[in-house]
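# Turn this into a model:
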Amino acid sequence: MLAALHGADAAFDAAIAEDPDFAMAHLGRARVHQLNMEAGDARAKAAKARELAAAASPRERQHIETIAAAIEGQAKKALTLAEQHLQDYPRDAPVLSLLLGAFGLYAFSGRADHDAARLAVCERYAADYGDDWWFLTYLGWSKTEAGDVVSGRAITERGYALKPENAGAAHAVAHALFEQGSGAEGRAFLSAWLPANDRTSFLQGHLAWHLALIDLEEGDADAALDIYERHIKPAGRPYPPLNIYTDTASLLWRLALAGKTGLEPHWKDVAAYGDGYFPKAGAHFADVHQALVAATTKGDALDRRLTEMEARHADGKLAPGAPAIGLCRGIAAFAAGDHGEAVRILAPLMPELVRIGGSHAQRELWEDTFIVACLRSGQGRQASALISERLHRRPSRRDQIWSQEAARQ
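Numbers count the residues shown, from 1 in each chain. So this is what the prediction gives:
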């Protein structure tokens, strides 16, 4: 499970068959159900683990209560319990893992400082883990996302060398190369790793998404679309639904920004997939991606989702708050061809973008949309500061072209 490999479900099932009263096995199985958006099964297994926890050790009881809270959608409670639990049991990696990653409790907390929070908790327990293959992956990735890319890459590669089949480590390496603007290295790395580890990991599609981003950066939308069709589109993919939905929606949107046409059948497929797994507002990262799909496929789906998001915001249940709603409205304006309105809406939200979570690579989609809206509405100079900031962070052929176009306006 920690290495993002297929098979954890069968392993936990085997443990439960061997000992039906093993509370931790039920809880582990619940966590895999949660990753696969099997909410009913996840809650049932978590409830069973709680029932059996009376005979477990204090560490196990706390472990179960913490992860069960996350499974039940009590994110704030789970975050607090995890931080408390780790003070006593820092090497309880499944609990620490709840806090980490692009989809972890810190990332989806709505906090603007979640990159720093993730790095801080990793550094706090670094001495407890030492040269642990799993921990080094996340310590390195956390440094990369917090801006220390050189150190982050070096640490990540140490973890990767200890367990090269670890898809989480391959993912962290891909992010480091992305943040360094090392497209050629990224292509070579992913082109070797993906076929060598075919069908072993539930991150396979997402790593293919990273490869498609390199093609888009190099201006080859046709190659990116080919990767989408062969490795990413929703049909029959054995990956977590949140990964599938966000990867497909975001890549199609980027392809459209790059000028690719004829994407309508793909958008309809993604819309149908989202209707099945994310029919109502709830997971805000899915919601902001639903805006991409709904704005493109038209209809009233986006209006309904915005109404639901506003209700959740009023109840204090929308972690990123109003900025998430604003991003959806900006996307709607862009899709409607009102690029000036998109600029007006999105400009003040760029500093707030971090609140939706995910990684830098994922959040760049909204920056890209803002930049293109500025260029199409003749306001290129308004995007110059953002483009310059991005180029300062890493070289980018695409950003350099946009910078030159903005300077001419």
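# Give me the residue at the spatial middle of the protein.
The centroid of the chain falls nearest to G358 when counting by Cα atoms, centre = their mean (3.9 Å).
# Make sure that one is indeed in a helix.
No - under the criterion used here (DSSP: H, G, I helix; E, B strand; the rest coil), G358 is coil, not part of a helix.
# What sits closest to it if chain neighbours are left out?
What sits nearest to G358 in space, not counting adjacent residues and going by Cβ to Cβ, 6 or more residues apart in numbering, is A102, at 5.0 Å. Heads up, the C-betas are built off the backbone N, CA and C, glycines and all.
# what's near enough to touch that neighbour?
Counting by Cβ atoms under 8 Å, 6 or more residues apart in numbering, A102 makes contact with G357, G358, S359, Q362.
# From S142, how far off is it?
Distance of A102 to S142, computed by Cβ to Cβ, to the nearest Å: 11 Å.
# and if you look at A184?
25 Å.
# same check, this time on L365
For L365, the distance to S142 (Cβ to Cβ) stands at 22 Å.
# So which of the two has more stuff around it?
Under the criterion of other Cβ atoms under 10 Å, the comparison of L365 against S142 puts S142 first, with 27 against 23.
# That one contacts G152, correct?
Yes - under the criterion of Cβ atoms under 8 Å, S142 makes contact with G152 at 7.4 Å.
# My guess is K48 contacts H26. True?
Yes - using Cβ under 8 Å, K48 is in contact with H26, at 4.6 Å.
# more crowded one of these two?
Shown here are K48 and H26; by other Cβ under 10 Å, H26 has more neighbours (24 against 19).
# in which helix or strand would I find that one?
Using DSSP states H and E, H26 sits within helix 23-35.
# what pLDDT, on average, does that helix get?
Mean per-residue pLDDT for helix 23-35: 97.
# Return the list of helices and strands in contact with it.
Secondary-structure packing of helix 23-35 (3 or more Cβ pairs under 8 Å, 6 or more residues apart in numbering; DSSP states H and E): helix 8-18, helix 39-52, helix 58-71.
# what's the most buried one of these?
Per-stretch averages of neighbours, counted by mean count of other Cβ atoms under 10 Å, single out helix 58-71 among the helices and strands packed on helix 23-35, with a mean of 20.
# Now for T369, how many residues are close by?
Neighbours around T369, by other Cβ under 10 Å: 25.
# Surely it is in contact with A332?
No - with contact defined as Cβ under 8 Å, T369 does not count as touching A332 (11.2 Å).
# Pull out the buried residues from the helix or strand hosting A324.
Assigned by DSSP H and E, A324 falls within helix 322-335. Buried residues in helix 322-335, counted by 16 or more other Cβ atoms under 10 Å: 323-335.
# got the CA coordinates for it in CSV?
Extracted C-alpha coordinates of helix 322-335, given in CSV (Å, rounded to 0.1, in the frame of the first residue of the first chain):
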residue,chain,number,x,y,z
ALA,A,322,-14.5,30.8,-1.5
PRO,A,323,-11.3,30.6,-3.7
ALA,A,324,-12.4,27.1,-4.9
ILE,A,325,-15.8,28.5,-6.0
GLY,A,326,-14.0,31.4,-7.7
LEU,A,327,-11.7,29.1,-9.7
CYS,A,328,-14.8,27.3,-11.0
ARG,A,329,-16.4,30.6,-12.1
GLY,A,330,-13.2,31.6,-13.8
ILE,A,331,-13.0,28.4,-15.7
ALA,A,332,-16.7,28.8,-16.8
ALA,A,333,-15.9,32.3,-18.1
PHE,A,334,-12.9,31.0,-20.0
ALA,A,335,-14.8,28.2,-21.6
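# Against which helices or strands is that helix packed?
On a contact count with 3+ Cβ pairs under 8 Å, 6+ apart, helix 322-335 meets helix 284-297, helix 301-314, helix 339-346, helix 360-376.
# Pick the most deeply packed of these.
helix 284-297 (a mean of 24).
# list the helices and strands that one packs on?
Using 3+ Cβ pairs under 8 Å, 6+ apart, helix 284-297 sits against helix 241-257, helix 264-277, helix 301-314, helix 322-335.
# A295: which of the ones you listed is closest?
helix 322-335 (3.6 Å; Cβ to Cβ).
# mean confidence score for that closest one?
98.
# Just the angle for that helix relative to helix 360-376, thanks.
Counting by axes from the mean of the first three to the mean of the last three Cα atoms, to 10 degrees, helix 322-335 points 50 degrees away from the direction of helix 360-376.
# Mind listing residues that contact helix 322-335?
284, 287-288, 291-292, 295-296, 302, 305-306, 309-310, 313, 318, 339, 341-342, 345-346, 348-349, 352-353, 355-356, 366, 369-370, 372-373.
# Ok, stretch 342-354 next?
Residues contacting stretch 342-354 (Cβ under 8 Å, 6+ apart): 112, 114-115, 320, 323, 326-327, 329-331, 333-334, 363, 366-367, 369-370, 373-374, 377, 379, 382, 386.
# Appreciated, that's everything.
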